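Undergrad: Could you look at this predicted model? Sequence included:
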Amino acid sequence: MLAKKKKIGKKNIKEDKLVTFYSKTLQYYEVYKNQVLIGAAALIVLIAAIVYFANQSQKTEIEAASALAKAERTYQSGNYQNVVDGVKSEGSLSLVEVVDKYSGTEAGEMARIYLANSYFYIGNFEKALETYDDYSGSNKLYKATALAGMAGCYEAMGQFDKAAKYFRDAANTYSNNALNSNYLLNAAVNYISSEKYSDAKSILETLKEKYTSSEEAREADRYLAEVKLHSKS
């Protein structure tokens, strides 16, 4: 007579699966132990690399900020030709060198804006435009400044439609920027210069609505009157 089969419960099934998994894991380790150890070592190296580069990045940011503090003295003096020529004080980098050496750091990208401003102030609008456009920092305020700088270049070159677009983009980049009302007014003025009166009207109305107490909002009425006059003609 055959013995009665023992009923297998859920607990036994779970235990059996656990034993099987453990057994297979041991077999896997024995077969691939070299690869497993290599993988673990690689993970440790990766973690160490992340920590190292994070520390190096912080160190580089500090170095860049220090270099910028020294280099911007020439810029603050108002000698913009010396800035673009790479003239430097003894023991310091020029702004051009700070941009080249620390590109990608926040201080290095801020130096890029100073350099672009310098090109603008000496009348080299094409080079200024190129330098503003190269800004790659993460600071939204600086990004808005770079966009407004590009707008100023286009305006100086008589490309009013592009100037308006970039002033508008600058105003929409960082909501807490105190210059947003100024950027919007400039956008509207350039749209008027490019005879895009409906775009100018829309921006001027936005300016009055969002920045009611600003000086630019008070000026907006004058430009709205001009837009209305052109619309009738």
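TA: Yep, it's here. Numbers count the residues shown, from 1 in each chain.
Undergrad: for this structure, which residue is closest to the average position?
TA: With distances taken as Cα atoms, centre = their mean, residue 138 lies nearest the centre of the chain, 3.0 Å away.
Undergrad: Could you measure from that one over to residue 79?
TA: Going from residue 138 to residue 79 by Cβ to Cβ, to the nearest Å gives 30 Å. No exception for glycine: its C-beta is placed from N, CA and C like everyone else's.
Undergrad: and if you look at residue 107?
TA: Residue 107 is 21 Å from residue 79, by Cβ to Cβ.
Undergrad: ok, those two, which is more surrounded?
TA: More crowded of residue 107 and residue 79, by other Cβ atoms under 10 Å: residue 107, with 23 against 14.
Undergrad: gap between the strand or helix carrying that one and the chain center?
TA: Following DSSP states H and E, one finds residue 107 within helix 106-121. In this view, helix 106-121 has its centroid 14 Å away from the chain centroid, taken as Cα atoms, centre = their mean, to the nearest Å.
Undergrad: Tell me the buried residues in that helix?
TA: 106-120 (16 or more other Cβ atoms under 10 Å).
Undergrad: now stretch 82-91
TA: 82-84, 88.
Undergrad: In contact with residue 153, which residues are there?
TA: 120, 125-126, 128-129, 132 (Cβ atoms under 8 Å, 6 or more residues apart in numbering).
Undergrad: Would you convert the residues you listed into JSON lines that also reports secondary structure and pLDDT?
TA: Below are these laid out as JSON lines (DSSP: H, G, I helix; E, B strand; the rest coil; pLDDT from 0 to 100):
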{"residue": "120", "secondary structure": "helix", "pLDDT": "96"}
{"residue": "125", "secondary structure": "helix", "pLDDT": "97"}
{"residue": "126", "secondary structure": "helix", "pLDDT": "97"}
{"residue": "128", "secondary structure": "helix", "pLDDT": "97"}
{"residue": "129", "secondary structure": "helix", "pLDDT": "98"}
{"residue": "132", "secondary structure": "helix", "pLDDT": "96"}
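Undergrad: quick one on the thing from earlier: farthest-separated two in the buried residues of stretch 82-91?
TA: Within the buried residues of stretch 82-91, two members stand farthest from each other by Cβ to Cβ: 84 and 88, at 12.2 Å.
Undergrad: ok so, going back, would you check how far apart the residue nearest to the centre of the chain and residue 207 are?
TA: For residue 138 relative to residue 207 (Cβ to Cβ), the value is 28 Å.
Undergrad: Then residue 173?
TA: From residue 173 over to residue 207 the distance is 16 Å, taken as Cβ to Cβ.
Undergrad: When the two are compared, which one has more neighbours?
TA: Set residue 173 next to residue 207 and count neighbours by other Cβ under 10 Å: residue 207 wins out with 26 against 19.
Undergrad: Looking at the residue lying closest to residue 174 once chain neighbours are set aside now. What's its pLDDT?
TA: Distance criterion Cβ to Cβ, 6 or more residues apart in numbering; nearest residue to residue 174, sequence neighbours excluded, is residue 140 at 4.0 Å. Per-residue pLDDT puts residue 140 at 93.
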